[in-house]
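In: Give me a 3D structure for the following:
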Amino acid sequence: MGRSRECGLLVIGTLERERSVSRPAAANAGELAARWGLSPAQAEAAAAALNFLASPGRWLPPFSPDASVLSSLAGPGYSQLRPSSFTLQSLVAKRLANLLSSTFGRRNERSRLSGRTFLLWAVTGAGKTEMIFPLIDSVLASGGRVLIATPRRDVVLELAPRLSKAFPDAKRAVLYGGSADKFANAELTLATTHQLLRFQGAFDLVLIDELDAYPYHNNPMLHYAAAKAGKKAGATVLLSATPPAELKRQAVRGKLPHARVPVRHHGFPLPVPRRLPVPGAARWLQAAKPPHRLLKALAQSLDRGAQVFLFVPVIRFVEPLVELLRLHLRIRPDSIQGTSSEDEARTDKVDLFREKRIRLLVTTTILERGVTIPKSDVFVLDADKPLFDAAALEQMAGRAGRSRDDPAGRVYFAASSWTSAQRKACREIRGMNREAVRKGYLSANGRRGEC
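Out: Residues are numbered from 1 along each chain as shown. Just a heads-up that it's a prediction; the model follows:
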């Protein structure tokens, strides 16, 4: 369970006599905007989710999704869960396979998970946390219990004080590998995704943040845990800026209740990536000769006062690139740093980046989510590599333009070729901008960009 290396308590149901839980009340966007300070787009999405929770039809699911949702969510491991011998491992695998089949795979039965699931599909920087506050408040007010599961410990630690401020009267627990709140009987639980394994039938509302991210994406075990953590009459809300393709199809076809938020909280369009044709990084790193186009674009970003995310596809590029850029860019050498999943000082460097003591940070996809810098530009080096699928490119591009003071941050896809993934990422971003204009969330059309 994350970093935990000891046995933990499995919470089945709740630790006290079950309270009567009423159905959450419906709401309208105007009331939510006024009470929670939400933008029109945020308020409409939150109202749609609340009305889903309040709908009698949700408690008896009116649809069953295509079986292909299973492979999209649980990943290829699901098809391998066919044990041939009676061992403890095979028994667990069989139980998992049976649950996943009953959860997603039966076309003629009502789905246990997806029939009571709502997708909140919101662009990066839309303010998903603020949108879930009305849902949490409604369930707590009706006597229910809420679980928020997010992939990373640092996000848990960042969210904890915000939840404490928003819900000071609720009994809370914060769970992650090594945390002290191991057995708390809480009304509001915030946890890393692996902590879902601790619970069975314990929550009226389960909120799963970044469902497309590691470790939840393509992990049958965690989908099993998510299906078991909620009560039979409860609900699950999935949060993502880049949902898996099959979930998108189910939503578009009307088979998955959802709300789309195509605009950020500040009301400006998403920055559209620009093409930056440069040779492959391995070639010029070995020759220690960075492309002039890359250096020029980096210098322009630094000159305008922006901080720079420079994403690379592999860890071995990080340090050589840091050393090379220190020689060619006219800023303090120690303001150019690099980090990756192997860097024990990563948290400290991210803090220095937030404090503007680091101007340019070379990194991997480990920082494609969860780090917000008010005035930042994004460069994706070797953006044509297979590692960078459309979802990853969208997430990395989403680091730019998140501040009202700098909504038009620059995004560059630096590569020697133009791939279908890059095209798809640009198409998705432009599509969200057009939808935002169509719904009246923007005063002008989103920039077409360079891609």
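In: Next, give phi and psi for D209.
Out: In this entry, D209 is assigned phi and psi values of phi -90, psi 140 (degrees, to the nearest 10).
In: Can you name the residues bridging to it?
Out: Listed beta-bridge partners, D209: L239 (assigned using DSSP bridges).
In: Would you map the helices across the stretch 251-400 of the chain?
Out: Secondary structure of the stretch 251-400 of the chain, counting by DSSP state H, counting those that start in this stretch: helices at 281-287, 292-303, 318-328, 346-354, 390-397.
In: Rounded mean pLDDT for stretch 342-358, please.
Out: Stretch 342-358 shows a mean pLDDT of 95 in the predicted model.
In: I meant stretch 367-387, not that one.
Out: 95.
In: for that stretch, how far is the first residue from the last?
Out: The first residue of stretch 367-387 is 15 Å away from its last residue (CA to CA, to the nearest Å).
In: Columns mean neighbour count and distance to A47 on top of the helices of the stretch 251-400 of the chain, output as JSON lines?
Out: Where you see a C-beta, it was placed from the backbone N, CA and C, and this is true even at glycine. Converted to JSON lines, the helices of the stretch 251-400 of the chain look like this (neighbours: other CB atoms under 10 Å; distance: least, CB to CB, whole Å):
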{"stretch": "helix 281-287", "mean neighbour count": "14", "distance to A47": "46"}
{"stretch": "helix 292-303", "mean neighbour count": "16", "distance to A47": "39"}
{"stretch": "helix 318-328", "mean neighbour count": "17", "distance to A47": "44"}
{"stretch": "helix 346-354", "mean neighbour count": "16", "distance to A47": "33"}
{"stretch": "helix 390-397", "mean neighbour count": "24", "distance to A47": "26"}
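In: Ok, which of the ones you listed comes nearest L211?
Out: helix 390-397 (11.5 Å; CB to CB).
In: Next SSE downstream of the closest one?
Out: strand 411-415 (DSSP states H and E).
In: Just the angle for that next one relative to helix 390-397, thanks.
Out: Relative orientation of strand 411-415 versus helix 390-397 (axes from the mean of the first three to the mean of the last three CA atoms, to 10 degrees): 130 degrees.
In: between strand 411-415 and helix 292-303, how many degrees?
Out: Strand 411-415 and helix 292-303 are oriented at 160 degrees to each other (the same axes, to 10 degrees).
In: got a list of contacts for strand 411-415?
Out: For strand 411-415, the surrounding residues in contact (CB atoms under 8 Å, 6 or more residues apart in numbering) are 271-278, 280, 294, 297, 377-385, 393, 396-397, 400-401, 422, 425, 449, 451.
In: same question, stretch 291-310
Out: The list of residues contacting stretch 291-310 from outside it, by CB under 8 Å, 6+ apart, reads 276-279, 284, 321, 325, 328-331, 353, 356, 358-363, 367, 373, 375-379, 381, 396, 399-400, 406, 409-410, 412, 414.
In: which among those end up buried?
Out: With burial judged by 16 or more other CB atoms under 10 Å, the buried subset of those is 276, 278-279, 284, 321, 325, 329, 353, 358-363, 367, 373, 375-379, 381, 396, 399-400, 406, 409-410, 412, 414.
In: What segments of the stretch 151-300 of the chain are strands?
Out: Assigned by DSSP state E, counting those that start in this stretch, the stretch 151-300 of the chain shows strands spanning 172-175, 188-192, 199-200, 203-209, 230-240, 258-261, 274-277.
In: what is the rounded mean pLDDT of the helix ranked longest in the chain?
Out: Ranked by number of residues, the top helix in the chain under DSSP state H is helix 420-438. Along helix 420-438, the predicted local confidence has a mean pLDDT of 97.
In: for it, packing partners?
Out: Judged by 3 or more CB pairs under 8 Å, 6 or more residues apart in numbering; DSSP states H and E, the packing partners of helix 420-438 are helix 390-397, strand 411-415.
In: out of the strands of the stretch 151-300 of the chain, which comes closest to L159?
Out: Taking CB to CB as the criterion, strand 188-192 is the member of the strands of the stretch 151-300 of the chain that comes nearest to L159, at 5.9 Å.
In: Need the contact partners of the closest one.
Out: Counting by CB under 8 Å, 6+ apart, 2, 136, 140, 145-153, 156, 159-160, 163, 167, 170-177, 198, 203 sit against strand 188-192.
In: Show me how far that strand is from its chain's centre.
Out: Taking CA atoms, centre = their mean, to the nearest Å, the mean C-alpha location of strand 188-192 is offset from the chain mean by 16 Å.
In: Neighbouring strands - and their directions - for it?
Out: Neighbouring strands of strand 188-192 in its sheet, by DSSP bridges, are strand 146-150 (parallel), strand 172-175 (parallel).
In: hang on, the earlier thing: now which of the contacts of strand 188-192 would you call buried?
Out: The neighbour-count test (16+ other CB under 10 Å) marks 2, 136, 140, 145-153, 156, 159, 163, 167, 170, 172-176, 198, 203 as buried among the contacts of strand 188-192.
In: Report how many residues lie close to D169.
Out: The tally of other residues near D169 (other CB atoms under 10 Å) stands at 7.
In: And the closest residue to K228 other than its chain neighbours, how close does it get to A229?
Out: Residue nearest to K228 in three dimensions, not counting chain neighbours: Q200, with 4.8 Å by CB to CB, 6 or more residues apart in numbering. Here Q200 is placed at a distance of 7 Å from A229 (CB to CB, to the nearest Å).
In: how about the nearest residue to the residue nearest to the spatial centre of the chain, chain neighbours excluded?
Out: The residue at the geometric middle of the chain, judged as the C-alpha nearest the mean C-alpha position with CA atoms, centre = their mean, is E210 (2.6 Å). Taking CB to CB, 6+ apart as the measure, E210 lies nearest to P151, with 5.4 Å between them; neighbours along the chain are not counted.
In: just checking, that neighbour touches Q195?
Out: No: using CB atoms under 8 Å, P151 makes no contact with Q195, being 11.2 Å away.
In: which residues of the protein score low on pLDDT?
Out: Where the chain drops to pLDDT under 70, the residues are 1-27, 56-115, 181-184, 443-451.
In: Next, format the helices and strands packed on helix 420-438 as a markdown table and append distance to M221.
Out: Output for these, formatted as a markdown table (distance: least, CB to CB, whole Å):
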| stretch | distance to M221 |
| --- | --- |
| helix 390-397 | 22 |
| strand 411-415 | 34 |
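In: For W121, find the nearest of those.
Out: Closest to W121 of the helices and strands packed on helix 420-438, according to CB to CB: helix 390-397, at 12.2 Å.
In: just checking, what packs against that closest one?
Out: Contacts defined by 3+ CB pairs under 8 Å, 6+ apart place helix 390-397 against strand 376-381, strand 411-415, helix 420-438.
In: so the shortest one versus strand 376-381, what angle?
Out: To tie it back to what came earlier, the one meant is strand 411-415. Strand 411-415 and strand 376-381 meet at an angle of 10 degrees, taking the same axes, to 10 degrees as the criterion.
In: Strand 411-415 relative to helix 420-438, how many degrees between them?
Out: Following the same axes, to 10 degrees, one obtains 160 degrees for the angle between strand 411-415 and helix 420-438.
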